[in-house]
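# A structural model of the following input is requested.
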Amino acid sequence: MGAAADPRTVGGVVLGGDYQGLGIARSLGRRGIPVCVIDDERSIAGVSRYAARTIRVASLRDEASTLAALAAARRRRRIEGWVLFPTRDETVAALARNRAELSRTFRVPTPGWEAVRSAWDKRATYRLGERLSIPVPRTWFPRNEDDLEGIEMAGPLVIKPAIKEHFFYETHAKAWRADTKDELRERYRAAASITGADEVIIQDLVPGGGAEQFSYCCLFTDGEARASMTVRRLRQHPSDFGRASTFVETVDLPELEAPSIRFLRAIGYHGLVELEYKRDPRDGICKLLDVNARTWGYHSLGPAAGVDFPYLLWREQLGLRIPEVRGRPAVRWIRATTDVPNAVRDYRAGALRPLPYLRSLRGVETEAVFSLRDPLPGLAELALLPYLALKRGL
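Next comes the predicted model:
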């Protein structure tokens, strides 16, 4: 669709609710931009004062269901020309593969499939990173169990899927750890039975906890990062292979900018993106772990740091001016409903002391869900805790 339009008539369509979708709804809604939330779960975003329209659908798990949900929403609601905001990798893939068709009726900030594939499939991510001389952990792509014999086990290894959702919805885990060859074989077989052998990746486990995990987040357009922030993911849930951040702080770490921009230019990327790194204490090098071609869980940290990513993307899609901004450091974000229970588990395991944890809470500027200006999502999340714990472990 053409960029020119009356901004008062163009809203945002959030695909997937939860706290990530809630952050998008608040970013747009507090500026008077109408928001429609489409979700296949009981969604806290849908009860926000900023969600003018909410549509519950049977599924958003695959391409066909995502396209059907958008078509049904367009028939039921007047949302032609609105900007699409995917919150999950599978919806990103669906939009990317059908971008040309969807662009006839929506504004689709997700780039085409050729760009998205290098973020969606970690095999492509790591191979491209190596070609671009971007450090990545030692990585193997075994074709079958016999190939495991050629893997050097100098320390713990990680078994992870090339395509996250093929593994995550079955296991509720992001990756598995193997400390011995026997564990490696056992967990490789289990992973291959879920995803197929060709989607299993074996990787060196970079040591260290959350203090070594960083992310470079930006709105990338015309080959440049127009808006950006860098964060340290101090805590995550679960603590070993985190599915989601629970406590994040903005930092000043300029060394991540150049490799991130090099990667995004190489794939012709456009839109919001988060690139995850971990600093290897053995050599001091930050190594690329993941690329998320969408908003990320803690993006609602951005406004407090001076970078409101969903709103800036909405402006970009309407052809409006985008100021060049960088997030200021030392701004903290927490999602209490996962951070506190995870801290209790870590304390019981001897991995966390109470006083340092309590000190870390001082100066938190943003909570993922709770807001006095928009209280219903916080109350809804408390009511939904048993449901969330059962469905996806929070």
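
# so where's this protein shaky on pLDDT?
Scanning the chain for pLDDT under 70 picks out the ranges 1-5, 387-394.

# Tell me which stretches of it form helices.
Here the chain has its helices, by DSSP state H, at 18-29, 63-76, 89-97, 99-102, 113-120, 122-131, 164-171, 181-195, 257-266, 302-305, 309-317, 336-348, 354-360, 376-392.

# just these: most buried one?
Across the helices of the chain, averaging neighbours per residue (mean count of other C-beta atoms under 10 Å) puts helix 18-29 on top, at a mean of 26. For every residue, glycine as well, the C-beta is placed using N, CA and C.

# quick check: angle from that one to helix 309-317?
With axes from the mean of the first three to the mean of the last three C-alpha atoms, to 10 degrees defining the directions, helix 18-29 sits at 50 degrees from helix 309-317.

# Next, the angle helix 336-348 makes with helix 18-29.
For helix 18-29 against helix 336-348, the angle by the same axes, to 10 degrees is 140 degrees.

# hey, C-alpha coordinates of helix 18-29 in CSV?
Provided in CSV are the C-alpha atoms of helix 18-29 (Å, rounded to 0.1, in the frame of the first residue of the first chain):
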residue,chain,number,x,y,z
ASP,A,18,0.5,-11.4,26.1
TYR,A,19,2.8,-8.7,27.5
GLN,A,20,4.6,-8.2,24.3
GLY,A,21,1.4,-7.4,22.5
LEU,A,22,0.3,-5.3,25.4
GLY,A,23,3.4,-3.1,25.0
ILE,A,24,2.5,-2.5,21.4
ALA,A,25,-1.1,-1.6,22.3
ARG,A,26,0.0,0.9,24.9
SER,A,27,2.7,2.4,22.6
LEU,A,28,0.1,3.2,19.9
GLY,A,29,-3.0,3.6,22.1
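
# contacting residues around the closest residue to residue 208 other than its chain neighbours?
Closest residue in space to residue 208, ignoring its immediate chain neighbours: residue 281 at 5.3 Å, by C-beta to C-beta, 6 or more residues apart in numbering. By C-beta atoms under 8 Å, 6 or more residues apart in numbering, residue 281 lies in contact with 207-208, 212.

# export stretch 324-331 as CSV, just CAs?
Extracted in CSV, the C-alpha atoms of stretch 324-331 (Å, rounded to 0.1, in the frame of the first residue of the first chain):
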residue,chain,number,x,y,z
GLU,A,324,17.3,9.3,14.9
VAL,A,325,17.4,8.2,18.6
ARG,A,326,19.5,5.9,20.8
GLY,A,327,18.3,4.5,24.1
ARG,A,328,19.9,6.0,27.2
PRO,A,329,21.8,3.6,29.5
ALA,A,330,20.9,2.4,33.0
VAL,A,331,17.1,2.1,32.5
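
# about what we covered before: how far away is the residue nearest to residue 208 from residue 288?
As for residue 281, its distance to residue 288 is 17 Å (criterion: C-beta to C-beta, to the nearest Å).

# and if you look at residue 99?
Look at residue 99 and residue 288: by C-beta to C-beta, they are 25 Å apart.

# and the gap between the spatially closest residue to residue 69 that is not a sequence neighbour and residue 177?
Spatial nearest neighbour of residue 69, excluding adjacent residues (C-beta to C-beta, 6+ apart): residue 57 at 4.3 Å. Using C-beta to C-beta, residue 57 is found at 36 Å from residue 177.

# Looking at the two, which one has more neighbours?
More neighbours surround residue 57 than the other of residue 57 and residue 177, with 17 against 14 (other C-beta atoms under 10 Å).

# you'd agree that one is up against residue 64?
No. At 11.9 Å, residue 57 and residue 64 do not qualify as touching, with contact defined as C-beta atoms under 8 Å.

# pull the longest strand from this structure.
For the chain, the strand that runs over the most residues, judged by DSSP state E, is strand 224-237.

# quick one: strands adjacent to that one?
With DSSP bridges as the test, strand 224-237 is paired with strand 213-221 (antiparallel), strand 244-251 (antiparallel), strand 325-326 (parallel).

# Report the distance from stretch 377-390 to the chain centre.
The chain centre lies 21 Å from the centre of stretch 377-390; the measure is C-alpha atoms, centre = their mean, to the nearest Å.

# Now do residue 216 against residue 10, distance only.
Going from residue 216 to residue 10 by C-beta to C-beta gives 29 Å.

# before we move on, what about residue 309?
Relative to residue 10, residue 309 is positioned 17 Å away (criterion: C-beta to C-beta).

# Could you do residue 322 as well?
16 Å.
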